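**Q** The following block contains a protein sequence and its predicted model.
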Amino acid sequence: MRCALRSKNLNVSVLQNTTVKEYMRTIAQEKTNQHNNEPFTVTNISSIVDQINNWKEWFGSIEPYFALKAQNNPVTQRLFHRLGLGYDCASLSEILNVRRTGCSPSKIIVSHPFKSYDCIRDVIIHRMVTVVDSLQECNKVDTIYRQLLTERTLNNMPDIDIPSILIRIKPSEVAISKVEVDMSTKFGVRWDQFEKLAEHCKKLGLNVKGVSFHPGLRANDAEPWTETIAFTRHCFDILLGLGFNPSIIDIGGGYQRREDGNVSSKVIGNSIQQSVKKHFQNHTASPTVVAEPGAFMVSTSQNTAACVTGIRMENPMHPEYHLSAGVFNGFIWHLSDPAYQANVEPLLLKDMTSKVHLKNSKMWGVSCDSMDNLGEVMIQTLEEGDWVYYSGVGDYSNELNTTFNGFSAPAMYYCCEERHYNMLEGLLSDNFNFKKF
Ligand SMILES: Cc1ncc(COP(=O)(O)O)c(C=O)c1O
């Protein structure tokens, strides 16, 4: 059911015979006219639609549940479920974000292995599938389930089901050695502990519906998935032996943000499908395979523009520029991720001749913290009031913004390309006004 909770309060500019860069240039000019140098982000919804279509082509029957943590805004809260896809939510707040826009609880996987009391209550009442990786969390789920059973009898509440859970396992050692960012240190039960945890769930009477894992970030090849899928076969055999009826393998996130990295998502998608076929063909469980892509879906959808607010030219061959955005408002990845710094460089919004002399220049963020350092880049000489933009910053950047030092997060604008106008207006018109640009 779709609910129009708010009146339409957001605009989507429909780009006609023009580019996102042109659209950003217009916004920047308007801001300059108003003496406003605050940063802004443009979300191109067409880019997200393109990635959804790429997923369908490259990953075949593997059902995507978009990891809302990667980009949580009024577009992403609606777009995925209205196109028939699901969500990976990490908290009660994220769950409510998407349910309020009409998403069915059956299209939500609550992926955080440690949840608040309120979150577990909501998961059980709305019959959502959730993830666990410890005996203690299983006990917590069981206790809350039993409280709800008592409350239901006393208060004549609707029926509830036995909680449905996925057990999160760690990726294989080989898998961990093949990713740049290992996500197994915090979450996931060790392989030699899986059976013990499954038995504990059996004892409590929880319904183990399958297995989940997250292979880590920036894989060198498909092995982090394929190696771990091989082990999920073993997990499924254990679950069947204990009398469960497992039906879901959740292969997590970590898919390539852009197609310029180590190995393409197209190759990974193909290898994953082969691996599922190899290990589960003719298996009694015949599982549904789901994934939780975040960055893959949204990384290319956002560009953020910042204004040059100050210049230090002590060495004319090595200028230093201060921008109106920084690592705390717009470019958080610059703090921690060298690969991101290498890929995301500022581009000048205004037109320059092709003969411009590029200089090795230092870019500083807006705050007083010297950690607010956006690296050195080759760029033409900038003047105060010029705007630069960083493309492909759609994953996690806006979600991790702060107001450190009192500087605001980039203002958000939405646009789409004309080729998607009719479809997107049909899907999002309860909340967005579409205006031709
Ligand atoms: C459980 C889980 N699923 C999915 C994701 C999304 O990962 P990515 O954005 O790399 O696809 C994350 C990211 O932290 C995660 O923790």
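**A** Here it is on my side, so go on. Numbering: from 1, shown residues only.

**Q** can you pull up the bridge partners for the residue lying closest to residue 22 once chain neighbours are set aside?
**A** Take residue 22 and drop its neighbours on the chain: the residue closest to it by CB to CB, 6 or more residues apart in numbering is residue 15, 7.8 Å away. The way it works is simple: take the backbone N, C-alpha and C, and place the C-beta from them, glycine included. Applying DSSP bridges to residue 15 gives these bridge partners: residue 417.

**Q** burial measure for residue 15, as a count.
**A** Residue 15: 21 surrounding residues under other CB atoms under 10 Å.

**Q** Repeat that for residue 24.
**A** Here the neighbour count serves as a burial measure; for residue 24 (other CB under 10 Å) it reads 23.

**Q** in what helix or strand does it lie?
**A** helix 20-33 (DSSP states H and E).

**Q** could you say what helices and strands that helix packs with?
**A** Where contact means 3 or more CB pairs under 8 Å, 6 or more residues apart in numbering; DSSP states H and E, helix 20-33 is packed against strand 10-15, strand 40-44, strand 302-312, strand 387-390, strand 411-417.

**Q** Would you format those as JSON lines with mean pLDDT and distance to residue 90 included?
**A** Written out in JSON lines, the entries for those read as follows (pLDDT from 0 to 100; distance: least, CB to CB, whole Å):
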{"stretch": "strand 10-15", "mean pLDDT": "97", "distance to residue 90": "24"}
{"stretch": "strand 40-44", "mean pLDDT": "97", "distance to residue 90": "21"}
{"stretch": "strand 302-312", "mean pLDDT": "96", "distance to residue 90": "20"}
{"stretch": "strand 387-390", "mean pLDDT": "92", "distance to residue 90": "26"}
{"stretch": "strand 411-417", "mean pLDDT": "97", "distance to residue 90": "21"}
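
**Q** who wins for proximity to the ligand among these?
**A** Nearest of the helices and strands packed on helix 20-33 to the ligand, taken as CB to the nearest ligand atom: strand 302-312 at 13.8 Å.

**Q** Show me what whichever helix or strand comes after that closest one is packed against.
**A** Remark: after strand 302-312, the chain's next helix or strand is strand 320-323, criterion DSSP H and E. Strand 320-323 sits against strand 302-312, strand 358-364, with contacts defined as 3+ CB pairs under 8 Å, 6+ apart.

**Q** Comparing these, which stretch has the densest surroundings?
**A** The highest mean neighbour count among the helices and strands packed on strand 320-323 belongs to strand 302-312 (a mean of 21), with neighbours defined as mean count of other CB atoms under 10 Å.

**Q** Please tell me how far residue 420 sits from residue 281.
**A** Distance of residue 420 to residue 281, computed by CB to CB, to the nearest Å: 37 Å.

**Q** These two - which one has more neighbours?
**A** The neighbour comparison of residue 420 against residue 281 (other CB under 10 Å) goes to residue 420, with 20 against 8.

**Q** how would you label the closest residue to the more buried one other than its chain neighbours: helix, strand or coil?
**A** Across the structure, with CB to CB, 6+ apart as the measure, the residue nearest residue 420 apart from its sequence neighbours is residue 46 (4.8 Å). Judged by DSSP: H, G, I helix; E, B strand; the rest coil, the three-state class of residue 46 is helix.

**Q** Would you enumerate the residues in contact with residue 46?
**A** Neighbouring residues of residue 46 by CB atoms under 8 Å, 6 or more residues apart in numbering: 415-417, 419-420.

**Q** And the residues you listed, which two are furthest apart?
**A** Across those, the longest distance by CB to CB is 12.6 Å; it joins 415 and 419.

**Q** And the two? Which one has more around it.
**A** Neighbours per residue, other CB under 10 Å: of residue 415 and residue 419, the larger number sits with residue 415, 23 against 12.

**Q** doesn't residue 11 make contact with that one?
**A** No - contact status for residue 415 versus residue 11: not in contact, 9.1 Å apart, counting by CB atoms under 8 Å.

**Q** how close does the residue nearest to residue 420 get to residue 18?
**A** 13 Å.

**Q** residues in contact with the one helix or strand residue 198 maps to?
**A** Of the helices and strands defined by DSSP H and E, residue 198 is found in helix 194-204. Applying CB under 8 Å, 6+ apart, the external contacts of helix 194-204 come out as 132-135, 138-139, 142, 165, 167, 169, 189, 208, 235, 238-239, 242-244.

**Q** what's next to stretch 213-223, contact-wise?
**A** By CB under 8 Å, 6+ apart, the residues outside stretch 213-223 that reach it are 168-171, 174-176, 178-184, 187-188, 224-225, 228, 232, 250-254, 256, 261-263, 267-268, 271-272, 275, 292, 339.
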